[in-house]
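Engineer: Okay, sequence plus prediction incoming.
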Amino acid sequence: MRYLRAFGRFWWNFIVGDDWHVAAGVAVALGVTYLLTHNGINAWWLLPASVALVLTESLRRTVRPREQEKPRRFN
Amino acid sequence: MSTGTILVVAGAFLASAVEMVEALTIVLGVGVVRGWRSTLIGAAAAGIVLGILVAALGPALGSIPIGTLRLVVGALLLAFGLQWLRKAILRSSGYKELHDEEATFHSERVQAAAARDDRRAGLDWYSFTVAFKGVLLEGLEVVFIVIAFGSAQGQLGLAAAGAGVALVVVVVAGVLAKGPLSRVPENTIKFVVGLLLTSFGCFWGAEGAGVDWPGDELSLLGVTALFALVSLVLVRALRRRRLLPVTAGAGA
């Protein structure tokens, strides 16, 4: 069981990494693209736009805590 | 040769080269301190495992319908590539430390010197296991990229050849340099690889979801250019933002 958990954790870290929101955002964007294209809308623009947004949002979340910590160090 | 194929080979070469530089640093760090026999056997054993993985998984993926394969591979490449791109942007903007092969090499040497002598099956077990794990873990990323690129583009042989050339180049450069390849612009290469992984993931993922790209494979260049532009804007914005709290804190 311990090995199974370690195996699962390895692949989670390998594919998903530090921020699971990125993988979740990608999955949602792909799902919506699939639904739109299968309902007659060629939504080629949706995934690139979503990826850019997901990346920006992930970086914003990553740098935010550090910015809040910095002023405390100067006090 | 199509745009997609050229980018697949270039991506497999660059991704493999950068991972192999890291594996080489581990192997060198252990080898120079504890001897080469067990270290090289460990590295070779990992190489054999990785080769078996490519040989077994590559053809198996070929039996999956191309649309489904591209959707799954695209989703995986997007999640995986965005990790690379995210880290590259954080490094370029100063939020994350740059990868330093010299420091890693020094750390590997210190640990190798401190490790106790443990002989199993006629091998120095420390050298064998560290080289095996190092090459296997760095190599898994190469295998993932080669299989993903190769199977989704239907060019597994070319992608594997790109990785093979990278292996030869890195090993020869390592032997000539007799040390870690610290002058390789690793962070820039990782940025480019992150861009390629994300762009291919987006292109194939959308195609697998049923999208008909305008301009077909040429739109891959457009997607890559868009992500490059977004990444550069993010690097600039984060660099500026990193300095802002210091100014605010000093003024308060």
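Structural biologist: Yep, that arrived. Numbers count the residues shown, from 1 in each chain, chains lettered A, B, ... in the order given.
Engineer: List the buried residues of stretch A:3-21.
Structural biologist: Buried residues in stretch A:3-21, counted by 16 or more other C-beta atoms under 10 Å in any protein chain shown: A:14, A:16-17, A:19. For the C-beta atoms, the positions are set from N, CA and C on the backbone; glycine is no exception.
Engineer: Now tell me which of those the prediction trusts least.
Structural biologist: Between the buried residues of stretch A:3-21, the one the model trusts least by pLDDT is residue A:14, at 80.
Engineer: got a list of what that residue touches?
Structural biologist: B:80, B:140-141, B:144 (C-beta atoms under 8 Å, 6 or more residues apart in numbering or on different chains).
Engineer: how about the helix or strand hosting residue B:76: buried residues?
Structural biologist: Here residue B:76 sits within helix B:66-92, counting by DSSP states H and E. Neighbour-count burial for helix B:66-92, counted by 16+ other C-beta under 10 Å, picks out B:69-92.
Engineer: With just CA atoms, put stretch A:10-25 into CSV.
Structural biologist: Taking C-alpha atoms only, stretch A:10-25 is exported to CSV below (Å, rounded to 0.1, in the frame of the first residue of the first chain):
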residue,chain,number,x,y,z
PHE,A,10,5.4,10.3,-8.0
TRP,A,11,3.1,10.5,-11.0
TRP,A,12,1.0,13.3,-9.4
ASN,A,13,4.2,15.4,-8.9
PHE,A,14,5.4,14.5,-12.3
ILE,A,15,2.3,15.5,-14.3
VAL,A,16,0.5,18.0,-12.0
GLY,A,17,3.4,19.5,-10.0
ASP,A,18,3.2,22.4,-7.5
ASP,A,19,-0.1,23.9,-8.6
TRP,A,20,-3.0,21.6,-9.3
HIS,A,21,-5.1,24.6,-10.4
VAL,A,22,-3.1,24.6,-13.7
ALA,A,23,-4.0,21.0,-14.5
ALA,A,24,-7.6,21.6,-13.5
GLY,A,25,-7.8,24.7,-15.6
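Engineer: Skip ahead from the helix or strand where residue B:172 lies and say which helix or strand is next.
Structural biologist: According to DSSP H and E, residue B:172 maps onto helix B:156-177. Going down the chain from helix B:156-177, the next helix or strand is helix B:186-208, by DSSP H and E.
Engineer: So which of the contacts of residue A:14 reach chain A?
Structural biologist: Applying C-beta under 8 Å from any C-beta of the partner chain, the subset of these adjacent to chain A comprises B:80, B:140-141, B:144.
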